[in-house]
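1. I need the structure of the sequence given here:
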Amino acid sequence: MSTDTQKKTRVRPYADQVLVRPIQEADVTDGGIVLAPTRNKEKPTQGEVVEIGPGRLVDGVRVPVDLKRGEIVVFSKYAGTEISVDGVDHRLIRAETDVLAALEVIGE
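-> Predicted coordinates for the structure are as follows:
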């Protein structure tokens, strides 16, 4: 019998919805200077894809979402719905209209 009473919530997005964990911009400059937090901090526009819906139906055919878990994406500033999953802020956004780009690191 398990003594682990910690329950985790799994979000299963519908259609072309994507669950994204927003990434806060760094409060440290490239030179290593720590910046003071500001009250008027901008909403994050980048995040990590956590879960992906199965895709939307078009004429009875499922069109899959062209994203993968773990990808970093850029999305519209006020896109989607903000939700909390196990105390962590996330956003549910539409992949087709609100995700603007997937970021890829080239030549490290």
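2. what's near enough to touch residue 16?
-> The contact partners of residue 16, taken as CB atoms under 8 Å, 6 or more residues apart in numbering, are 53, 55-56, 63, 65, 94-96. Backbone N, C-alpha and C define where each C-beta goes, glycine included.
3. can we see that at 10 Å?
-> Applying CB atoms under 10 Å, 6 or more residues apart in numbering, we find residue 16 in contact with 52-57, 63-67, 93-99.
4. now swap in residue 23 and tell me
-> 44-48, 72-73.
5. Find the nearest non-adjacent residue to it, please.
-> Nearest residue to residue 23, sequence neighbours excluded (CB to CB, 6 or more residues apart in numbering): residue 46, at 4.9 Å.
6. center of the chain, which residue is that?
-> With distances taken as CA atoms, centre = their mean, residue 20 lies nearest the centre of the chain, 1.5 Å away.
7. Who is that one paired with across the strands?
-> Residue 20 forms beta bridges with residue 49, residue 91, as assigned by DSSP bridges.
8. Surely it and residue 76 touch.
-> No: with contact defined as CB atoms under 10 Å, residue 20 does not count as touching residue 76 (11.4 Å).
9. Could you name every residue contacting both of those two?
-> In contact with both residue 20 and residue 76: 93, 98-99, using CB under 10 Å, 6+ apart.
10. All good on my end, thank you.
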